[in-house]
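Student: quick one: sequence and predicted model below, then my questions.
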Number of protein chains: 2
Amino acid sequence: MPVTSPTTFRTTYAEIAAKAGVSRATVSRVLNGDDRVNSDRAKAVIEAASKLGYRTNRAARALSTGRTGQIAVVIDDSPNVLSDPFWGVVLAGISRVLMVHDIHSVLMVSQLESEDSPIANYLEGGDVDGAIFLTVHKEQVVHSLVKKGLPVVVIGTPIDLKSDIVYVDTDNRLGAELATKHLLGSGCKKVATITGDISAVAGIDRLEGYKAAHKSLGHEFNPDLVAYGDWSFENAKTLTLRLLARNPDIDGIFAANDTMALGVMAAIIERGRMVPDHVAVVGFDDNLMAQTHRPGLTTIRQDIVGLGAAAAESMLAILQGETPVPKILPTELVLRESA
Amino acid sequence: MPVTSPTTFRTTYAEIAAKAGVSRATVSRVLNGDDRVNSDRAKAVIEAASKLGYRTNRAARALSTGRTGQIAVVIDDSPNVLSDPFWGVVLAGISRVLMVHDIHSVLMVSQLESEDSPIANYLEGGDVDGAIFLTVHKEQVVHSLVKKGLPVVVIGTPIDLKSDIVYVDTDNRLGAELATKHLLGSGCKKVATITGDISAVAGIDRLEGYKAAHKSLGHEFNPDLVAYGDWSFENAKTLTLRLLARNPDIDGIFAANDTMALGVMAAIIERGRMVPDHVAVVGFDDNLMAQTHRPGLTTIRQDIVGLGAAAAESMLAILQGETPVPKILPTELVLRESA
DNA sequence: TTGAAAGCGATACCAC
DNA sequence: GTGGTATCGCTTTCAA
């Protein structure tokens, strides 16, 4: 157990009360914005508090009210999730919004395998008022947490839509359709796709969008042009190599995220072909990598900060006793050189 | 004020005490690993606790001990810090280590302009046991926090080394020297550098390393080959364009981070030249972008997770009452295609 | 070795 | 409107 010097000296209600000549109860009322306090005395309290540099003790408040003012933000700790710039930005979006409401984000980077994993256990423990999940982990675990009464918001659509899980997501389907239509619309005859992880709804939806684009533009869907990826660079590269070997006349590829799109481009170059001249490429996300790569990556921009912010707002709503509806954020095609 | 349903039901010492037939004091002793408790009764307590699914109430403990078991992790909220994959990984490193010690990381994404900014204020408030700063913000603010007795660790060397700030850092100077030597050693005659932000020690040190390499290999240092950057892609690109215009015979460039290295490469390509044939490029960091870019970026790898972990460990040491010495982590040259 | 009891600081119920 | 006070759950003297 850590042994530390005593925490910095803190002002308490008692001192404010003394200074302002009122009771601690009144101090509490004033500081919590209770109207029915004589305005003079209220003023006196405010003044005393600020003079004494009062800062509320969250632990005490939490103990008394049962609410902690803290929300857990749970990130899957699989290989390098946090190395993807995406999540960092989401995190920023969440944190900013919660901060404004004086709620702190407690970061939990960890695996959430089973219902009695340490994290799940902790989340039930009542030391946070709710949890926001980045990436749907084992959905079962999330469900059970919800059932136990923990306010939960997940970023990304749950597989089981009938469930009562509150979520926010990007319009993956439409975004993918946009991407694919752009390829098809700019003259590509044979457009392949590298999907994301198909066990996640985002993976499925982006594939659906790809199909929808074909249908809507009167192109036939060819299953042979679909390679099932896992969001990662290396994997996408390997799959693309394979794809190109089998179908040398592919002239467009939609990758379900930017990282994979770079893998796709790497493969194309390795095959001695050019982007976009021989094969056009479109990604999804519009992260820093899309912007700094050469050729610049044409991609689908999603509002990443907005995603985090929306999740935070949904959480706030739940804490308010409301039942927020899922939020689906729009996407936008960003044209660069790759397609 | 949020209105929520009551927190999940929680077991308390009272119930454990009743079930185990001992006093609450004894329960506390056992659960906190106090030796001098009769081992039978101790066993009974442990058993009762686990049967009842006891989970400690952090707020109560914090109120009683004055320690919260929480560490703030402060990230500067300047344009997109979190969009750089670097910090996400550092975050993961911190979180993992602290988690093991049952300490939570409270994320604060915010600006820390002045000594009485909301964050500074909050940090003094005693709701966290310490703070880890990613990026040295206004160093003055950090100093004042330290002076007020808050345990602080910063990631990145402080400008004022005589200060009592505990820090961890990568060996920037040596890393930069490694990078530059590689360029010089593989036949480059005229090696330029795009520095990082020179107001940060990392920026200075990487420039020093560049100079040291020249000196050590008997090359003359030419101030004309130094462009002062700010870690960003766009800026690096602009600077490189300018550099190449003035010195068309530059055949190597060391960029003080990977993001800038990509900017450098973008500029080189824009000038119709090739990497590494015409101009070789070396970066610093070895983040995801270095790996996914084509040509692959030769760069200096730093142990990013290790940086976070080291910071966390230093914090733990401080909390233990020790005075950790600065930790400087080694670097390593990673060869890819760009140089 | 153990238990009784006094806090920690804020909240909220109950009287006045 | 306002004040007194019990309470939240855990830790930690102080006695025994």
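Tutor: Thanks, I have it. Numbering: from 1, shown residues only, chains lettered A, B, ... in the order given.
Student: surely A:L319 is in contact with A:G130?
Tutor: Yes: taking contacts as Cβ atoms under 8 Å, A:L319 lies within contact range of A:G130: 6.4 Å. C-beta here means a position set from N, CA and C on the backbone, and glycine is covered the same way.
Student: who's more crowded, those two?
Tutor: Taking neighbours as other Cβ atoms under 10 Å in any protein chain shown, A:L319 and A:G130 compare with A:G130 leading, 24 against 20.
Student: which residues touch that one?
Tutor: A:I71, A:A72, A:L150, A:P151, A:V152, A:V153, A:M315, A:I318, A:L319 (Cβ atoms under 8 Å, 6 or more residues apart in numbering or on different chains).
Student: quick check: which element contains the closest residue to A:M315 other than its chain neighbours?
Tutor: Take A:M315 and drop its neighbours on the chain: the residue closest to it by Cβ to Cβ, 6 or more residues apart in numbering or on different chains is A:V153, 4.9 Å away. In this assignment (DSSP states H and E), A:V153 forms part of strand A:152-155.
Student: the spatially closest residue to A:G296 that is not a sequence neighbour: how many residues sit nearby?
Tutor: Nearest residue to A:G296 in three dimensions, chain neighbours excluded: A:R336, at 3.2 Å (Cβ to Cβ, 6+ apart). If you count neighbours by other Cβ under 10 Å, A:R336 ends up with 18.
Student: equivalent analysis for A:L207, please.
Tutor: 22.
Student: what's the answer for the one 4 residues further on, then?
Tutor: Other residues within reach of A:K211 by the criterion other Cβ under 10 Å amount to 18.
Student: contacts only, for the nearest residue to it once chain neighbours are set aside.
Tutor: Distances taken as Cβ to Cβ, 6+ apart place A:F221 nearest to A:K211, at 5.4 Å, with adjacent residues excluded. Applying Cβ under 8 Å, 6+ apart, we find A:F221 in contact with A:K211, A:H214, A:K215.
Student: am I right that A:F221 sits in a helix?
Tutor: No: secondary structure of A:F221 (DSSP: H, G, I helix; E, B strand; the rest coil): coil, not part of a helix.
Student: where do the contact lists of A:L319 and A:G130 overlap?
Tutor: Common neighbours of A:L319 and A:G130, counting by Cβ under 8 Å, 6+ apart, are A:P151.
Student: returning to that earlier point: the contacts of A:G130: which ones sit near DNA strand D?
Tutor: Counting by Cβ under 7 Å from any atom of the strand, nothing from the contacts of A:G130 sits close to DNA strand D.
Student: for A:F86, give me the pLDDT.
Tutor: At A:F86, the model reports a pLDDT of 82.
Student: neighbours of it, how many?
Tutor: 27.
Student: also the one 4 residues further on?
Tutor: Residues lying near A:V90 (other Cβ under 10 Å) number 25.
Student: how about the secondary structure of it?
Tutor: Under three-state DSSP, A:V90 falls in the helix class.
Student: so for the nearest residue to it once chain neighbours are set aside, what's the pLDDT?
Tutor: Closest residue to A:V90 apart from its sequence neighbours, by Cβ to Cβ, 6+ apart: A:G308 at 4.1 Å. In the predicted model, A:G308 carries a pLDDT score of 96.
Student: do I have it right that A:G308 meets A:S105?
Tutor: No: checked against Cβ under 8 Å, the pair A:G308 and A:S105 is beyond contact range at 9.9 Å.
Student: overlap in contacts, those two.
Tutor: By Cβ under 8 Å, 6+ apart, A:G308 and A:S105 have these common neighbours: A:L91, A:I94, A:S95.
Student: quick check, the last one in a helix?
Tutor: Yes: secondary structure of A:S95 (three-state DSSP): part of a helix.
Student: quick one: residues contacting it.
Tutor: A:S95 makes contacts with A:V73, A:S105, A:G308, A:A312, B:L107, B:M108, B:V109, B:S110, as judged by Cβ under 8 Å, 6+ apart.
Student: among these, which has the minimum pLDDT value?
Tutor: Lowest confidence among the contacts of A:S95: B:S110, with 78.
Student: how much space between that one and A:K43?
Tutor: Computed with Cβ to Cβ, to the nearest Å, the distance linking B:S110 and A:K43 is 30 Å.
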